[in-house]
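Visitor: Build me a model from this:
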Amino acid sequence: MCDLHNPLNSFPLMLKPLFAAAMVMSLFACTSQNQPQRDPLKESSTALPDTTLKYDVRYRDQQQIEKVIYGFAENFDNGNLEKCLEFMDDSIRGEIDGVKLRGKENFATRVVQLGESVKNAKFQQRHLISNMQFEMLPSDTVRVSMYCANVWTDITSGEIQLMAVGYYKGKLVKKADKWLIAVLNSLPDSRLVERYYKEQEDSLLKK
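Guide: Residues are numbered from 1 along each chain as shown. Reported below is the predicted structural model:
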């Protein structure tokens, strides 16, 4: 018995598979267009952890990861730039101040530039890190997210300035029983301000 409501019945037998494939692709395209764009600055890192997951971050690993992150930040603040490299994986990648980097050598060059700029300006930088979150991934990898505020002290006047507030997001990988930074992204909240004004300008241009 023929189903009159099925549009495939009105096509020759050989064209039915092509028509069905076109319908599936069209449905997929519509679904993809309706998906919201990812915004790492607005994504919450405080979701309640699922304790039923196979991969869970052990407390000892959390402690070791915290030491790596705090050690990296403190050595950077104090100008021990070579020490910072010991906390990085050779294939580290990420984005610092809008500059995309890949590889330990490129990160080293950028870290030295940032460190020297602060040193020459007679500022003492401090990282204030909080709200650290962990998510265990396969292959001895942990995704981390934290708030970070950068405070600078003018060593000539003692004046303290809040230079930046935002996220540090990245991944650490365990190699030879040692945790190393594999991905490091600095995402300052100033991007939200820039995006807000750009959205306003775009909406005015469309009117």
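Visitor: Nearest residue to G94 in space, please, no chain neighbours.
Guide: In space, and not counting its chain neighbours, G94 is closest to L184: 4.0 Å by CB to CB, 6 or more residues apart in numbering. Backbone N, C-alpha and C define where each C-beta goes, glycine included.
Visitor: Tell me the pLDDT of L192.
Guide: Here the pLDDT value assigned to L192 is 79.
Visitor: So what's the residue count around it?
Guide: 13 (other CB atoms under 10 Å).
Visitor: can you tell me how far it sits from Y168?
Guide: Distance from L192 to Y168, counting by CB to CB, to the nearest Å: 16 Å.
Visitor: still on that earlier bit, give the helix, strand or coil label for the residue nearest to G94.
Guide: strand (DSSP: H, G, I helix; E, B strand; the rest coil).
Visitor: can I assume it is in contact with K100?
Guide: No: at 11.3 Å, L184 does not count as touching K100 under the criterion of CB atoms under 8 Å.
Visitor: which ones are touching the residue nearest to G94?
Guide: For L184, the contact set (CB atoms under 8 Å, 6 or more residues apart in numbering) comprises I92, G94, I96, F107, Y168, G170.
Visitor: Most neighbours of all the residues you listed, which one?
Guide: Ranking those using other CB under 10 Å puts I92 first, with 24 neighbours.
Visitor: Sketch out the low-pLDDT regions of this structure for me.
Guide: 1-55, 115, 118-120, 199-207 (pLDDT under 70).
Visitor: So which residues of it form helices?
Guide: Under the criterion DSSP state H, the chain carries helices at the ranges 16-33, 59-77, 81-85, 104-120, 190-206.
Visitor: So what's the residue count around I155?
Guide: Counted with other CB under 10 Å, residues neighbouring I155 total 11.
Visitor: what sits against it?
Guide: I155 touches K122, F123, Q124, counting by CB under 8 Å, 6+ apart.
Visitor: D154 is in contact with F123, correct?
Guide: Yes: the pair F123 / D154 is scored as a contact, 6.1 Å apart, by CB under 8 Å.
Visitor: which of these two has more neighbours?
Guide: Higher neighbour count among F123 and D154: F123, with 18 against 13, using other CB under 10 Å.
Visitor: what bridges to the closest residue to that one other than its chain neighbours?
Guide: Distances taken as CB to CB, 6+ apart place W152 nearest to F123, at 4.4 Å, with adjacent residues excluded. W152 has the following beta-bridge partners by DSSP bridges: Q125, Q161.
Visitor: right, and W152 touches K122 too?
Guide: No: under the criterion of CB under 8 Å, W152 makes no contact with K122, lying 9.9 Å away.
Visitor: I'm done for today, thanks for sticking with me.
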